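Chemist: Output the structure for:
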Amino acid sequence: MAETPVVEDLAQILRDVESEGFERLSRPARDGRPMSVAIAGGGVGGLTTALYMLKQGIDVTVYEKTAAFARFGGPIQFASNALSALKAIDETLFRRVMEKFTFTGTRACGIKDGLRANGDFRMTDDSLSYLWDSEAPADWFVRFPLKGCADVFGLPYTGVIDRPDLQEILIEECKKLKPDFIKNGNPVVGYEDLGKGNGVDLKLDDGASAHADVLVGADGIWSAVRAKMYGEVVKESSSDMKNRQGCTYSGYTVFAGETIIKTPDYYETGYKVYIGPKRYFVTSDVGDGRIQWYAFFALPPGTKKAPSGWGGSSRDEQANPEENLVEYIKSLHVGWTDEIMTVLDATPPDSVEQRDLYDRSPEFTRSWASGNVVLIGDAVHPMMPNLGQGGCQAIEDAYVLTNILTEQEHTGKIPDSLQEFYRSRIVRVSIVQFLSRLASDLIINAFDTPWSPHDNLGQSWKSYLTFFWKPVLRFLIFPAQFAYLYSYHPTGNMKQIPSMLESRWRKEHEGNSEAAFANASEKGVESSGPSFFSKADLPTTALAAKNE
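Modeler: Below is the predicted model:
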């Protein structure tokens with residue numbers, strides 16, 4: 001025991017030698033100055049990173065291109081893994097998010113037959129009994145085991161929160177720690193890395209400059225930080241628009257809308273994916289009586305019919321601004337279930353928006369980090385929306401990156417720590433990217449109306465393949481997929497907390513929804529807010545629309 005102080009002194013001497021020539025970085029009970037971090041982009045990933053870093057004593061400044069905070073963007077899904085990370089980041093943040101949250105994962109979620117669902121929104125199981133019983137309903141193809149997988153790990157259930165509410169919460173919590181943490185209207189447009197231990201100089205849009213130990217690129221899919229790191233040109237497109245700033249067109253465009261309607265299954269279902277020939281249609285409860293829908297079509301990029309939303313084009317800029325977009329989408333679903341038509345008919349046509357979907361291949365050969373600069377979220381791993389993991393992975397990035405940087409004792413260790421972050425995240429994120437893209441490709445290219453011995457609705461080879469996929473998806477693929485997604489849960493098992501949160505929410509949800517239904521019945525359904533899509537994902541200008 002007498003030798004312990006000597007050993008501790010030796011360890012300190014070794015640390016002092018290693019850090020010679022670099023500035024020491026402080027933590028509670030450690031001398032030095034705070035690490036300075038600049039974050040490009042004030043979206044969900046950037047703001048979450050800022051909050052956790054500020055809580056850890058890091059001096060953070062966020063540079064955001066919008067002139068001021070505005071309530072834009074539609075609901076964002078948080079799966080159980082992201083909710084666990086949020087709680088690990090900040091208990092107050094988690095509590096406030098839960099106050100604005102709508103749980104979907106505790107109710108029936110899954111894939112429905114877009115042609116055979118009888119139009120009554122009836123609740124049926126996903127068994128195979130329809131094979132031998134012609135009277136057995138075949139509405140549900142397969143359900144997702146969201147609740148069961150969350151219960152295995154003791155995690156909060158999947159759900160949604162309005163993006164403006166989330167951003168408002170994050171900004172308010174950050175301002176409690178640093179009132180002037182965010183600089184609006186002056187985004188990062190470039191940088192110069194000054195080498196090991198010397199930080200990075202930022203180039204701002206107005207020509208000014210700033211300095212930080214670390215630059216975090218959280219500026220979305222058309223990232224200026226990534227453009228500098230990888231030698232890209234921001235938003236530069238190929239002539240056929242299939243490649244844009246290193247991102248590949250997925251082959252799909254998506255229309256989105258929102259309405260208030262009390263369907264017979266409103267309180268019993270979370271989200272539903274209607275499958276059929278060459279397209280799919282998704283509906284989700286997003287709280288307060290609202291149903292949000294997405295219609296995915298395999299169309300060439302640039303075949304725009306609807307405005308892209310906040311920061312993009314307006315309705316009167318389209319080639320045919322008088323076209324009723326709800327009727328157009330209905331025309332692409334002729335023969336499909338009346339459940340889809342019911343939701344579409346309740347949607348204000350002027351509220352419909354559209355976006356071409358791009359993603360990126362995993363960066364196995366290039367790091368997300370270079371010197372004192374690192375990329376997170378959509379800036380480096382944008383993904384298809386099918387698993388609702390885009391924002392979730394950005395939150396995981398925020399948690400892991402902050403924990404790694406907090407451990408660094410001096411500025412000379414920063415470049416290696418950013419490479420450590422890349423190595424710790426690349427495998428998991430790449431798997432999630434693959435699963436997200438695979439879901440779209442399978443549904444569009446390999447799935448069709450499942451075969452049934454009782455009708456002629458599914459007779460193609462894809463129909464037979466879809467039929468045989470059913471037990472594999474139900475008993476193997478979906479349980480394994482969601483178990484993998486939820487396997488990252490830094491809080492550990494939260495025991496009774498998830499069920500208590502859901503029970504409290506359910507009572508409030510019904511009251512709020514009934515009030516919304518009554519109001520819509522009296523006054524009608526108004527067009528939704530500025531955009532269903534994240535502002536950071538939208539182009540500055542829209543392409544001229546084309547009639548098909």
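Chemist: all contacts plus neighbour counts: C-alpha atoms, from now on.
Modeler: Fine.
Chemist: Residue 522 - how many residues pack around it?
Modeler: Counted with other CA atoms under 10 Å, the neighbours of residue 522 add up to 9.
Chemist: how about the strands in the stretch 101-250 of the chain?
Modeler: Secondary structure of the stretch 101-250 of the chain (DSSP state E, counting those that start in this stretch): strands at 102-103, 108-113, 140-143, 159-162, 182-184, 188-193, 200-204, 209-212, 214-217, 243-244, 247-260.
Chemist: Would you format the ones you listed as a markdown table with mean neighbour count, distance to residue 450 and mean pLDDT included?
Modeler: Shown next, in a markdown table, are those (neighbours: other CA atoms under 10 Å; distance: least, CA to CA, whole Å; pLDDT from 0 to 100):
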| stretch | mean neighbour count | distance to residue 450 | mean pLDDT |
| --- | --- | --- | --- |
| strand 102-103 | 26 | 30 | 98 |
| strand 108-113 | 22 | 8 | 96 |
| strand 140-143 | 24 | 8 | 95 |
| strand 159-162 | 23 | 29 | 97 |
| strand 182-184 | 18 | 51 | 96 |
| strand 188-193 | 20 | 50 | 98 |
| strand 200-204 | 20 | 54 | 98 |
| strand 209-212 | 16 | 56 | 98 |
| strand 214-217 | 27 | 44 | 98 |
| strand 243-244 | 20 | 34 | 96 |
| strand 247-260 | 22 | 22 | 93 |
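Chemist: Give me the three-state assignment for the closest residue to residue 289 other than its chain neighbours.
Modeler: Counting by CA to CA, 6 or more residues apart in numbering, residue 513 is the residue found nearest to residue 289 once chain neighbours are left out, at 4.2 Å. Recorded secondary structure, residue 513: helix (DSSP: H, G, I helix; E, B strand; the rest coil).
Chemist: quick one, phi psi at the nearest residue to residue 493 once chain neighbours are set aside?
Modeler: Excluding its sequence neighbours, the residue lying closest to residue 493 (CA to CA, 6+ apart) is residue 154, at 4.4 Å. Main-chain dihedrals, residue 154, degrees, to the nearest 10: phi 70, psi 50.
Chemist: ok, residue 154 touching residue 494?
Modeler: Yes - in this structure, residue 154 is within contact of residue 494 by CA atoms under 8 Å, at 5.1 Å.
Chemist: Look at the two and report which has more neighbours.
Modeler: residue 154 (23 against 15).
Chemist: per-residue pLDDT, residue 5?
Modeler: Per-residue confidence (pLDDT) for residue 5: 53.
Chemist: Give me the next element, helix or strand, following the lowest-mean-pLDDT helix or strand in the chain.
Modeler: Lowest mean confidence among the helices and strands of the chain (mean pLDDT, DSSP states H and E): helix 4-18, at a mean of 57. Downstream of helix 4-18, the next assigned helix or strand under DSSP states H and E is strand 36-40.
Chemist: Would you mind pulling up the elements that that following strand packs against?
Modeler: Contacts defined by 3 or more CA pairs under 8 Å, 6 or more residues apart in numbering; DSSP states H and E place strand 36-40 against helix 44-55, strand 59-64, strand 209-212, strand 214-217.
Chemist: what's the angle between the first one and strand 36-40?
Modeler: This means helix 44-55. Note on geometry: by axes from the mean of the first three to the mean of the last three CA atoms, to 10 degrees, helix 44-55 and strand 36-40 are set 170 degrees apart in direction.
Chemist: quick one: contacts of helix 44-55?
Modeler: The contact list for helix 44-55, computed with CA atoms under 8 Å, 6 or more residues apart in numbering, reads 39-40, 59-62, 89-90, 166-167, 170-171, 173-174, 177-178, 218-219, 376-377, 391, 394-395, 397-399, 402.
Chemist: Any of these buried? List them.
Modeler: Among these, those scoring as buried are 39-40, 59-62, 89, 166-167, 170-171, 173-174, 178, 218-219, 376-377, 391, 394-395, 397-399, 402 (criterion: 16 or more other CA atoms under 10 Å).
Chemist: one step back: which of the helices and strands packed on strand 36-40 sits closest to residue 143?
Modeler: helix 44-55 (29.2 Å; CA to CA).
Chemist: Run the chain-centre distance for the closest one.
Modeler: With CA atoms, centre = their mean, to the nearest Å as the basis, helix 44-55 stands 16 Å off its chain's centre.
Chemist: residues touching the residue nearest to residue 493, list them.
Modeler: Residues near residue 154 by CA under 8 Å, 6+ apart: 492-496, 498.
Chemist: Tell me the one of those nearest residue 145?
Modeler: The closest of these, once distances to residue 145 are taken by CA to CA, is residue 498, at 15.9 Å.
Chemist: Helix or strand: which one has the closest one?
Modeler: helix 497-523.
Chemist: sorry, back to before: quick one, which of the strands of the stretch 101-250 of the chain is nearest to residue 287?
Modeler: Short answer: strand 102-103, nearest of those by CA to CA, at 5.5 Å.
Chemist: list the helices and strands that closest one packs on?
Modeler: Short answer (3+ CA pairs under 8 Å, 6+ apart): strand 102-103 packs on strand 159-162, strand 279-287, helix 497-523.
Chemist: okay, now residue 500: neighbour count?
Modeler: Using other CA under 10 Å: residue 500 sits among 11 other residues.
Chemist: got a pLDDT number for residue 318?
Modeler: Reported pLDDT for residue 318: 55.
Chemist: hmm, I was thinking of residue 386
Modeler: On the pLDDT scale, residue 386 gets 89.
Chemist: In this structure it contacts residue 436, no?
Modeler: Yes - if you go by CA under 8 Å, residue 386 and residue 436 touch, sitting 5.6 Å apart.
Chemist: Compare those two (neighbour count), which wins?
Modeler: Neighbour comparison, residue 386 and residue 436: the larger count goes to residue 436, with 20 against 15 (by other CA under 10 Å).
Chemist: sorry, back to before: would you mind putting the helices and strands packed on strand 36-40 into CSV with distance to residue 119 alongside?
Modeler: Below are these laid out as CSV (distance: least, CA to CA, whole Å):
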stretch, distance to residue 119
helix 44-55, 37
strand 59-64, 46
strand 209-212, 58
strand 214-217, 46
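Chemist: any idea how far residue 436 is from residue 481?
Modeler: Note on residue 481: its distance to residue 436, by CA to CA, to the nearest Å, is 10 Å.
Chemist: on that earlier part again, want to try a markdown table for the contacts of residue 154, with pLDDT as columns?
Modeler: What follows is these, written out as a markdown table (pLDDT from 0 to 100):
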| residue | pLDDT |
| --- | --- |
| 492 | 96 |
| 493 | 96 |
| 494 | 95 |
| 495 | 93 |
| 496 | 93 |
| 498 | 95 |
